[in-house]
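*Asks:* Generate a structure from the sequence data that follows.
(one chain, ligands or ions: 1)
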Amino acid sequence: MYQRISIHGQWSSRLMFILAATGSAVGLGNIWKFPYLTGEYGGGAFVLVYLICLALVGIPILIAEVMMGRRGRQSPVFSWQTLAADAGANGSWKLVGWAGMLAGLIILSYYSVIAGWTLAYLVRMASGSLIRVTEEGAGSIFTQLVMDPERMLAWHTIFMVMTIKVISRGVKKGLEQAVRILMPLLFALLLVLVIYAWRHGDFAQAYEFMFNSDFSKLTPAALLTALGHAFFTLSVGVGAMMVYGAYLPSRVSIAKTSILVALLDTIVALLAGLVIFSIVFAHDLAAGDGPGLIFQTLPIAFGQMPGGSFFGALFFLLLVFTAWTSSIALIEPMVSWLVEKRDVDRIRAAIWTGIVAWLLGIVTILSLNSWSFSFSFGGQLKHHGLFDVLDILTSSIILPLGGLCVALFVGWVMSRESVSEELGGGKSIGFKLWYFVVRFITPVAVLLVFLRAIGVV
Ligand code: PHE
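*Replies:* This next block holds a predicted model:
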């Protein structure tokens, strides 16, 4: 069997990969972004399309990316280069690795700002100042935060330092330990919240909103957003799963493991959505409130719960941790590339990359208040400011196009033998089905949705 060795080390076991990959997948995307997108795009139909995108596009590409990573055993740029050379293909394929790496950096820049919000809320919750907060109170606390660039900058800086710290110690040491404790805790807490929402929120209406599909609301922009979010939530299209795959021990089954990771990720997103909309509807709040949604709803719920300050603080703490385990995945493609390319040590690579992402994050901070402007992309919906530009550029453009290239490369450029050798089970039904989807369904679906959103078809 064909073998390369990663210079960055390996996960110590399959379980560690599952925890790290789930840590990367489960993040702000599940608990912050998925609910607010669902709210903005009108509920059930969006959720259904998102689930279809996960099944037909996200999961097949996740498997393909992890497979490419393990076969290349390097940072995404170099894995692309090596695999293209192996297949006798054009070296320009590595540009996909480049695009993903840059997208990861851009996502990290605003991700860190939002993670900063969660840090700010953690402190507020723990201080008890949100006890029995009213709807107006919760709304104005959020507005004050977003209108205060210095405060946001401070939290953004703290989060970026946290990210640099872990990544510079190597993924294995810092990360493996943290995710082992944090992931089960996150699930336990979500369960507590589900029970709360069930008993005190409007669970029935939330369920109805999320699972009753009204297709009249499904614009081409909503389709592309659902597709883009399927990439974002599974961490595919930026090379994060590819680089995690590069550290995966050889005997582990990529397909089964990836499907498990995707399932866990989806469960967290759906549960988070149910919790948040139960609270939204019970308090007559607006579901389409955008990025502030969880920050304006959860404090109300926690503010009324017995022990709310404690649970609320714990929840935001876990949100910080899940953001942390994702930000590490966002930065790893570039850090591993710098280590390989420039021969710098990890610490320096982490600091340089972190500084660039930190500077870019300032753009997001300013765009939230002083640099606001409106524009529209792929349909009626109006977007505001540079924050949305960066989000659309990455989630709706680079990630889907990157994913399309992965599908084309794995389905049409790499030989079937190398693909099946790496994945195992070349004769099984599962493999054949996946291979068919990656070759035909995934590329066509991504292209169609993309072209429709930009108005070509
Ligand atoms: N999947 C993460 C989330 O849902 C975000 C992410 C995207 C992380 C790409 C790594 C790479 O929050």
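
*Asks:* is it true that Phe209 lies in a helix?
*Replies:* Yes - applying DSSP: H, G, I helix; E, B strand; the rest coil, one finds Phe209 inside a helix.

*Asks:* That one touches Gly288, doesn't it?
*Replies:* No - using Cβ atoms under 8 Å, Phe209 makes no contact with Gly288, being 11.2 Å away. No exception for glycine: its C-beta is placed from N, CA and C like everyone else's.

*Asks:* These two - which one has more neighbours?
*Replies:* Legend: neighbour count by other Cβ atoms under 10 Å for Phe209 and Gly288, higher for Phe209 (23 against 14).

*Asks:* okay, the residue lying closest to that one once chain neighbours are set aside: pLDDT?
*Replies:* Residue nearest to Phe209 in three dimensions, not counting chain neighbours: Gly43, with 4.4 Å by Cβ to Cβ, 6 or more residues apart in numbering. Gly43 is assigned 90 on the pLDDT scale.

*Asks:* cool, Ile61 as well?
*Replies:* Ile61 is assigned a predicted lDDT (pLDDT) of 97.

*Asks:* unless I'm mixing things up, the residue nearest to Phe209 is touching Ser216, no?
*Replies:* No - with contact defined as Cβ under 8 Å, Gly43 does not count as touching Ser216 (11.5 Å).

*Asks:* So the two - more neighbours on which side?
*Replies:* Neighbour count, other Cβ under 10 Å: between Gly43 and Ser216, Gly43 has more, with 23 against 8.

*Asks:* ok, so what distance separates that one from the ligand?
*Replies:* 20 Å (Cβ to the nearest ligand atom, to the nearest Å).

*Asks:* swap in Trp98?
*Replies:* Counting by Cβ to the nearest ligand atom - Trp98 and the ligand are separated by 16 Å.

*Asks:* Show me how far the host helix or strand of that residue is from its chain's centre.
*Replies:* Assigned by DSSP states H and E, Trp98 belongs to helix 94-127. Helix 94-127 sits 10 Å away from the centroid of its parent chain (Cα atoms, centre = their mean, to the nearest Å).

*Asks:* if we can go back for a sec, next, the residue nearest to Phe209: phi, psi?
*Replies:* When read as degrees, to the nearest 10, the backbone of Gly43 gives phi 100, psi -130.

*Asks:* Same check on Asp345?
*Replies:* Dihedral angles (degrees, to the nearest 10) for Asp345: phi -80, psi 170.

*Asks:* need the contact list for it.
*Replies:* Contact analysis of Asp345 by Cβ atoms under 8 Å, 6 or more residues apart in numbering lists Val339.

*Asks:* pLDDT score for it?
*Replies:* For Asp345, the model assigns a pLDDT of 90.

*Asks:* I'd assumed Ser250 was in a helix, is it?
*Replies:* No - judged by three-state DSSP, Ser250 forms no part of a helix; its state is coil.

*Asks:* Could you measure from the closest residue to it other than its chain neighbours over to Arg73?
*Replies:* Nearest non-adjacent residue to Ser250, counting by Cβ to Cβ, 6+ apart: Gln3, 6.9 Å away. From Gln3 across to Arg73, the span is 8 Å (Cβ to Cβ, to the nearest Å).
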